[in-house]
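**Student:** Let me see the structure of the following:
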Amino acid sequence: MKSRFSLICVLLCILMLITACDGSKPPENNVNELDPESAVQPVSDYVLETVAVKDDYGMLYDFADVKAYPVSVRYGSAELNQGYKSLTLEAQRILYKEMDENVYYIAQESEDGLYDVLDLKIWGEELSEAELRQVIVAFNLDKPHIFWLDNKFGYSNTTGNTVLQLYSFLSAEQIEDYSQGLNEKIKELHLGLLSDMTEYSREIYIHDWLIQNCNYAEDVVKISDDFLSFTSYGALVKEKAVCEGYSRAMQMMLASVGIESFPVIGNGNDGLHMWNCIKIDNEWYYVDSTWNDTEKGSGYDYFNLTTEQLLYDHTIMPLYSQLTEDQVCGLDDGVADSFNIIVPVCSATSQNYFVKNSLIVNDLGEISKENIKTGLRVAQGTLAETITLRISDSMDYEDTLDELFYSGDYIFFDCLDMVNEEFEENYFDRNNVSISKKPHLRVVTVILQYTDEV
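**Tutor:** This is a model prediction of the structure:
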């Protein structure tokens with residue numbers, strides 16, 4: 001469900017070789033605009049599917065005694081209830097609470113690889129299929145630690161009452177065992193927490209921890225291939241997941257350190273996709289940890305984006321309230337439309353990764369040159385492979401890059417030459433400078449190489 005991007009690829013660019021003028025300009029400036037290396041990934045089929053309700057007469061159930069997932073002592077927990085708050089009918093809220101209490105009662109015997117969950121009954125109210133779908137999606141939105149439910153459900157509402165049948169991939173004993181393993185992973189995560197961490201620093205710690213400990217499930221296309229890859233358990237314990245797994249793991253980990261978030265459904269690379277909306281310093285931001293999982297580790301192109309930035313290459317599914325009952329249930333064409341429960345407009349930029357971590361180019365004068373030189377000195381100290389420049393909103397993006405790399409005073413190369421004069425080894429190779437343009441983020445990533453000779 002994702003398109004894997006490397007840290008240095010965003011735009012489709014042609015390879016360009018730029019040679020400087022003679023005289024006071026550098027003798028030769030080779031700037032490579034990097035081509036993208038994106039690869040289309042399989043598309044998930046995770047959609048709710050209706051099946052007939054079975055008679056549960058005489059069925060025996062076991063109770064899965066699942067312990068609450070650990071909460072950070074320093075930072076407490078975040079309440080996850082956006083799904084519940086979205087429900088407008090009292091019968092829906094009652095059903096949600098019934099689900100919360102009874103998804104732990106699992107049939108002792110399985111049929112076709114699935115275990116019945118104890119039937120949920122609402123007396124004296126008939127909820128439509130669309131209203132039931134809303135409850136199920138709302139429940140899943142709030143419960144990243146409940147990982148055993150199938151996407152199938154059955155219902156009956158023809159006798160003045162409502163009966164909802166859910167199904168589990170796991171037995172009660174397996175649920176207990178798996179949940180213990182999941183909780184152990186959350187405890188492991190908490191070992192790396194420091195005192196007095198801001199919400200942003202906790203967020204980026206969790207983001208990087210997940211990417212370092214989880215691999216994208218390249219071989220998983222359908223939920224039947226490996227249902228755990230769609231869950232927080234798959235991401236954290238099996239260390240293998242598709243985008244749902246990444247998103248639900250992010251939500252669960254963030255909640256355990258006091259940060260509210262929820263998954264958002266949409267399209268990416270022409271396929272179903274999921275990412276997170278995260279509340280940092282009382283502002284909502286979008287984070288796509290799946291697409292930030294690059295071949296070189298954690299990328300940040302999709303870390304704390306605005307809605308406008310996200311829509312550059314994502315689309316967001318409509319809200320439940322914006323769809324007809326036929327669309328929600330798939331009555332027209334047999335395919336139910338995916339929908340979101342809540343989609344806030346994200347407009348804040350202060351906690352965007354590049355706003356906080358890039359070298360700012362506010363003009364083409366001395367202050368910006370000093371910023372670039374400072375960044376190059378820091379990069380040389382650690383032999384960093386990249387530095388990132390963020391172009392001020394007040395400046396034309398392309399014109400500024402032209403002045404920095406391609407014409408005029410070749411400002412970047414001028415800064416690079418001056419910094420190289422300060423070193424005795426590990427010089428920047430001025431003939432092998434590559435850039436990756438990201439105009440929608442107003443940043444350019446500069447890829448550096450080193451040499452023993454100037």
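**Student:** so where's the longest strand in this structure?
**Tutor:** In the chain, with assignment by DSSP state E, the single longest strand is strand 271-280.
**Student:** Quick one: mean pLDDT for that one?
**Tutor:** For strand 271-280, mean pLDDT is 95.
**Student:** by contact count, what packs against it?
**Tutor:** helix 199-213, helix 243-255, strand 261-268, strand 283-287, helix 289-292 (3 or more Cβ pairs under 8 Å, 6 or more residues apart in numbering; DSSP states H and E). Where you see a C-beta, it was placed from the backbone N, CA and C, and this is true even at glycine.
**Student:** how close does residue 442 get to residue 322?
**Tutor:** Per Cβ to Cβ, to the nearest Å, residue 442 is found 31 Å from residue 322.
**Student:** picking up where we left off before, partners of the longest strand of the chain in the sheet?
**Tutor:** When pairs are called by DSSP bridges, strand 271-280 turns out to pair with strand 261-268 (antiparallel), strand 283-287 (antiparallel).
**Student:** Can I get those strands in a markdown table including mean neighbour count and mean pLDDT?
**Tutor:** Formatted as a markdown table, the strands paired with strand 271-280 follow (neighbours: other Cβ atoms under 10 Å; pLDDT from 0 to 100):
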| stretch | mean neighbour count | mean pLDDT |
| --- | --- | --- |
| strand 261-268 | 22 | 95 |
| strand 283-287 | 24 | 98 |
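**Student:** Just the helices from the stretch 301-450 of the chain, written as ranges.
**Tutor:** Ranges of helices in the stretch 301-450 of the chain, per DSSP state H, counting those that start in this stretch, are 307-310, 325-329, 353-357, 366-382, 397-401, 411-420.
**Student:** May I see those helices arranged in JSON lines, with distance to residue 247 and mean pLDDT as well?
**Tutor:** Output for the helices of the stretch 301-450 of the chain, formatted as JSON lines (distance: least, Cβ to Cβ, whole Å; pLDDT from 0 to 100):
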{"stretch": "helix 307-310", "distance to residue 247": "14", "mean pLDDT": "96"}
{"stretch": "helix 325-329", "distance to residue 247": "21", "mean pLDDT": "94"}
{"stretch": "helix 353-357", "distance to residue 247": "18", "mean pLDDT": "94"}
{"stretch": "helix 366-382", "distance to residue 247": "32", "mean pLDDT": "94"}
{"stretch": "helix 397-401", "distance to residue 247": "31", "mean pLDDT": "94"}
{"stretch": "helix 411-420", "distance to residue 247": "37", "mean pLDDT": "94"}
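**Student:** Please name whichever of those is nearest to residue 175.
**Tutor:** Residue 175 lies closest to helix 325-329 among those, at 29.2 Å (Cβ to Cβ).
**Student:** And the closest one, what does it pack against?
**Tutor:** Applying 3+ Cβ pairs under 8 Å, 6+ apart, one finds that helix 325-329 contacts helix 129-142.
**Student:** counting contacts, what elements does the helix it packs on pack onto?
**Tutor:** helix 82-86, helix 90-102, strand 149-156, strand 162-168, strand 261-268, helix 325-329.
**Student:** Now those in JSON lines, please, with extra columns for distance to residue 112.
**Tutor:** Shown next, in JSON lines, are the helices and strands packed on helix 129-142 (distance: least, Cβ to Cβ, whole Å):
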{"stretch": "helix 82-86", "distance to residue 112": "29"}
{"stretch": "helix 90-102", "distance to residue 112": "22"}
{"stretch": "strand 149-156", "distance to residue 112": "10"}
{"stretch": "strand 162-168", "distance to residue 112": "9"}
{"stretch": "strand 261-268", "distance to residue 112": "27"}
{"stretch": "helix 325-329", "distance to residue 112": "24"}
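**Student:** Please name whichever of these is nearest to residue 115.
**Tutor:** Short answer: strand 162-168, nearest of those by Cβ to Cβ, at 4.4 Å.
**Student:** Now do the closest one against helix 90-102, angle only.
**Tutor:** 30 degrees (axes from the mean of the first three to the mean of the last three Cα atoms, to 10 degrees).
**Student:** Flag every buried residue along the following helix or strand past strand 162-168.
**Tutor:** Later in the chain than strand 162-168, the nearest helix or strand by DSSP states H and E is helix 172-190. Using 16 or more other Cβ atoms under 10 Å as the test for burial, helix 172-190 gives 172, 175, 176, 178, 179, 182, 183, 185, 186, 189, 190.
**Student:** shaky segments in this structure?
**Tutor:** 1-30, 34-48, 51-57, 297 (pLDDT under 70).
**Student:** domains of it?
**Tutor:** 3-39+359-451, 49-168, 186-329 (automatic domain parsing).
**Student:** hey, which of those domains is tucked in deepest?
**Tutor:** The highest mean neighbour count among those, using mean count of other Cβ atoms under 10 Å, belongs to domain 186-329: a mean of 20.
**Student:** Looks to me like residue 147 is in a strand.
**Tutor:** No: assessed with DSSP: H, G, I helix; E, B strand; the rest coil, residue 147 is coil; it does not lie in a strand.
**Student:** For it, what are phi and psi?
**Tutor:** Main-chain torsions, residue 147, degrees, to the nearest 10: phi -110, psi 0.
**Student:** how about it, what does it touch?
**Tutor:** Neighbouring residues of residue 147 by Cβ atoms under 8 Å, 6 or more residues apart in numbering: 178, 182, 228, 231, 232, 233, 234, 248.
**Student:** thought the second one was touching residue 231?
**Tutor:** Right, residue 182. No: counting by Cβ atoms under 8 Å, residue 182 sits too far from residue 231 to count as a contact (9.0 Å).
**Student:** before we move on, the earlier item: from the buried residues of helix 172-190, pick the one nearest residue 377.
**Tutor:** Closest approach between the buried residues of helix 172-190 and residue 377, by Cβ to Cβ: residue 189, at 34.1 Å.
**Student:** how much space between residue 77 and residue 371?
**Tutor:** From residue 77 over to residue 371 the distance is 40 Å, taken as Cβ to Cβ.
**Student:** which outside residues touch stretch 296-308?
**Tutor:** Against stretch 296-308 from outside (Cβ under 8 Å, 6+ apart): 5-7, 10, 203-204, 207-208, 211-212, 275, 278, 280, 285-289, 291-293, 310, 345-349, 351-354, 357, 438, 440-441.
**Student:** likewise stretch 180-190?
**Tutor:** Outside stretch 180-190, the residues touching it (Cβ under 8 Å, 6+ apart) are 67, 69-70, 72, 145, 147, 206, 209, 232-233, 236-237, 252-253, 256-257.
**Student:** one more time with 7 Å, if that's ok
**Tutor:** Outside stretch 180-190, the residues within contact range by Cβ atoms under 7 Å, 6 or more residues apart in numbering are 67, 69, 70, 72, 145, 209, 232, 233, 236, 237, 253, 256.
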